[in-house]
Structure formats: C-alpha cells, structure tokens
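K.L.:
Coordinates for the following, if possible.
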Amino acid sequence: MKRITLLFVTLLMSTNMIYSQSPVKKGLSANLQNSQFGITVPVWLGSNFALVPGVDVKYAETVGTDFSVGLAARYYFKNEKLCPYLALRGGSAIYIPSSENPTGTETQVDFLTGLAFGLEYFLTDNLSVGIEAQGNLTKSDKNSLRFGNPDGLNFNTGTMISATIYF
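P.N.:
Numbering: from 1, shown residues only. Have a look, this model is predicted:
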C-alpha cells in the first residue's frame with residue numbers, strides 16, 4: 001500500500017511541476033468505460049500534445065479496494081473544434097482485499113499498455129466531450145480474474161466517453 005501511495009503522490013507532484021513551469025492548458029475529466037468511472041487530468045504541453053494522468057478508485061467495506069492509476073500521452077492531429085488524436089496508454093490496476101474479506105484473497109496487480117484513437121469535441125474553449133476506441137495488452141496477476149486469464153497476457157478492446165472542463 002505504501003508503494004501505491006508513493007506512486008500516486010509522485011504522479012500528482014509531477015503534474016503540479018508541469019503546471020508551474022509554463023502557462024499550460026489543464027483540465028479535469030470525468031470518464032466512463034464499461035461500468036467504471038474515472039478521473040483524468042489532461043495537461044496540454046503544446047498545441048498538439050497532452051499528458052493525461054488518471055486515477056480510479058472503487059471501495060467495498062468488506063470486500064476491498066480496487067485502485068487504478070495510469071498515464072496517457074495524446075498527440076492531436078489538429079487543434080480545432082473537433083480534435084482527433086492518437087494516444088499511448090499505460091497503467092496498473094491494484095486490488096487490495098479488506099481485512100474483513102473471508103476469501104483469503106491476496107493483493108493483485110495487473111498491468112496495461114495500449115493504443116487509442118479518440119475524438120475530442122470542444123463545445124466551448126473550456127468544455128469538451130470525447131470518445132475513445134482502445135486496443136489494450138494486459139498482463140494479469142497470478143491470482144487475478146480481472147481479465148479472465150490469471151498470470152496471462154490478454155489483448156482486449158474498449159471504448160471510453162468523457163466530459164472535460166478546462167481551466
């Protein structure tokens with residue numbers, strides 16, 4: 001758990017360092033993928049490039065905590081109202097069972113890397129909606145059933161929709 005906290009704090013600090021170095025456009029996004037909600041913080045580092053750290057946390061008192069952290073690098077092909085982009089994504093999903101969980105399950109860590117193609121439509125300069133199609137390669141923990149293949153490699157596809165407020 002200490003490593004997860006350290007990773008999360010490092011991610012937030014690096015994002016703050018990027019903010020302080022130049023007047024960049026930054027936002028806060030709510031994402032929906034399958035039945036999971038997530039939060040990302042897009043940070044534009046130029047007119048066509050953004051780094052997008054993200055986090056997702058699910059907690060059930062007697063079951064445990066499912067925590068995901070990731071980073072995407074997006075390259076936008078054009079900077080207009082409708083902005084198509086290509087992204088490289090990476091991250092991990094960590095399941096930490098509750099001490100009250102009677103199944104004896106251990107902590108599980110799954111890894112993900114992938115490519116995505118997306119479209120972001122700017123309703124105004126400060127508000128956008130988006131959709132993304134993904135191809136992901138995952139490596140499951142030996143005890144994980146998250147991708148249906150414990151200790152195996154998987155390829156899967158996914159889609160994500162988002163709404164972003166820019167500051």
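K.L.:
alpha carbons only for contacts and neighbour counts from here, please
P.N.:
Fine.
K.L.:
Would you mind measuring from Glu106 to Val57?
P.N.:
18 Å (Cα to Cα, to the nearest Å).
K.L.:
out of these two, which sits in the more crowded spot?
P.N.:
Taking neighbours as other Cα atoms under 10 Å, Glu106 and Val57 compare with Val57 leading, 16 against 12.
K.L.:
ok, and the closest non-adjacent residue to that one?
P.N.:
Nearest residue to Val57 in three dimensions, chain neighbours excluded: Phe67, at 4.5 Å (Cα to Cα, 6 or more residues apart in numbering).
K.L.:
ok, Asp56 touching Phe67?
P.N.:
Yes. Taking contacts as Cα atoms under 8 Å, Asp56 lies within contact range of Phe67: 5.8 Å.
K.L.:
Quickly list what's touching both of those two.
P.N.:
With contacts taken as Cα atoms under 8 Å, 6 or more residues apart in numbering, Asp56 and Phe67 have no neighbour in common.
K.L.:
got a list of contacts for stretch 24-41?
P.N.:
19, 42-46, 52-57, 158-167.
K.L.:
repeat that for 6 Å
P.N.:
42-44, 52-56, 160-167 (Cα atoms under 6 Å, 6 or more residues apart in numbering).
K.L.:
One more: stretch 118-134?
P.N.:
By Cα under 6 Å, 6+ apart, the residues outside stretch 118-134 that reach it are 81-85, 115-117, 157-166.
K.L.:
Narrow these to just the buried residues.
P.N.:
83-85, 115-117, 160-166 (16 or more other Cα atoms under 10 Å).
K.L.:
for the protein, what spans make up the strands?
P.N.:
Residue ranges of the strands in the chain, as given by DSSP state E, are 25-33, 36-40, 43-44, 49-60, 64-76, 82-97, 108-124, 127-139, 153-166.
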